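A.B. asks: Generate coordinates for the sequence data below:
(2 chains)
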Amino acid sequence: MLVSDEILVKKSQKGDYPSFEELVKRYEKKIYNLAYRIMGNKEDASDVLQETFLQAFRKLAGFKGKAKFSTWLYRIAVNICLMKKRKGKRIETVSLDIPILTKEEDEIKRELRDDWSESPLATLENEEVKKNLSKAIDSLPEEYKTVFLLRGLNGLSNEEVANVLKISLPAVKSRLHRARLFLRDKLSQYFQGYGSRG
Amino acid sequence: MMDFKKLCQLLTDYFDEELESDICAEIDELVSEDFGCKVLFNTFNRTLQLCKEMEEEEIEVPEEVHIRLYEFLEIELRKEEEI
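C.D. replies: Next up is the predicted model:
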């Protein structure tokens, strides 16, 4: 039978290293994937992974179990990612005003001429689509990207994302929606460009 | 009254199944009648599907990173114990 996170945390708090190792084993891949998508490269993702579990171990004694262990751990990982990004050389080039949100309704409507949703090219098997989507996710402003990734990649609920990021539920919903509209817009731009090339 | 602007605002709630059934019905009706709304609806839905597929493609932790993590933690945790 699978031992719960709560039990492993309690044992780890008493200095039981194998229990902590089990927690590492459980969340290593999820944290690595999250870090990789936020940081955009394996080297930084690897650093974030190490730092997350080290900080988790050091702070574990103070963990009261009010939130789920996973929520607490994701919060540590996201904070490390964001701190690392601020310190790093990469400067955000995308404005917080996501393009589609500044468009007038008529302007969006004019763009809605082609329904690419049924196109056989609209698949991840199409490397160009995959690359474009990945690039679009990467270009999301951090506050939108973290919500989008926690919600999608890590399968957290809106409430859990709100807890991880310490923001309100409406803020999570709003950021998620804006991120999705932004990605749709980017894919539409790609497919319109594809049509004009063809 | 459901219109393009309202549809644009409600898409996430619709696909996350967080809307009342009567509002969903209004959306379905609008989408069936208005081409622009239909395109927005369909392409938004396809975007979500593509994102989901991408999210499902989990990256494996490289073996050397995995080994380095455990070695690093062992060293650091030993240091903690010594303190």
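
A.B. asks: which residues sit against stretch B:57-64?
C.D. replies: A:28, A:29, A:32, A:33, A:36, A:42, A:46, A:49, A:124, B:69 (Cβ atoms under 8 Å, 6 or more residues apart in numbering or on different chains). (C-beta placed from N, C-alpha, C; glycine too.)

A.B. asks: I'd like the average pLDDT over the helix or strand the second one falls within.
C.D. replies: Using DSSP states H and E, residue A:29 maps to helix A:17-39. Taken as a whole, helix A:17-39 has an average pLDDT of 94.

A.B. asks: Restricting to C-alpha, output it in PDB.
C.D. replies: C-alpha atoms of helix A:17-39 as PDB (Å, rounded to 0.1, in the frame of the first residue of the first chain):
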ATOM      1  CA  TYR A  17      16.100  10.100   5.600                       C
ATOM      2  CA  PRO A  18      14.500   7.200   3.500                       C
ATOM      3  CA  SER A  19      11.100   8.800   3.900                       C
ATOM      4  CA  PHE A  20      12.400  12.100   2.600                       C
ATOM      5  CA  GLU A  21      14.000  10.100  -0.200                       C
ATOM      6  CA  GLU A  22      10.600   8.600  -1.100                       C
ATOM      7  CA  LEU A  23       9.200  12.100  -1.300                       C
ATOM      8  CA  VAL A  24      12.000  13.200  -3.600                       C
ATOM      9  CA  LYS A  25      11.300  10.100  -5.700                       C
ATOM     10  CA  ARG A  26       7.600  11.000  -5.900                       C
ATOM     11  CA  TYR A  27       8.000  14.600  -6.900                       C
ATOM     12  CA  GLU A  28      11.400  14.700  -8.700                       C
ATOM     13  CA  LYS A  29       9.900  14.300 -12.200                       C
ATOM     14  CA  LYS A  30       7.100  16.800 -11.700                       C
ATOM     15  CA  ILE A  31       9.400  19.500 -10.300                       C
ATOM     16  CA  TYR A  32      11.900  18.900 -13.000                       C
ATOM     17  CA  ASN A  33       9.200  19.200 -15.700                       C
ATOM     18  CA  LEU A  34       7.800  22.400 -14.100                       C
ATOM     19  CA  ALA A  35      11.200  23.900 -13.800                       C
ATOM     20  CA  TYR A  36      12.200  23.000 -17.300                       C
ATOM     21  CA  ARG A  37       9.100  24.600 -18.800                       C
ATOM     22  CA  ILE A  38       9.500  27.800 -16.700                       C
ATOM     23  CA  MET A  39      13.300  28.100 -17.100                       C
END
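
A.B. asks: That one: which residues count as buried?
C.D. replies: A:19-24, A:26-28, A:30-39 (16 or more other Cβ atoms under 10 Å in any protein chain shown).
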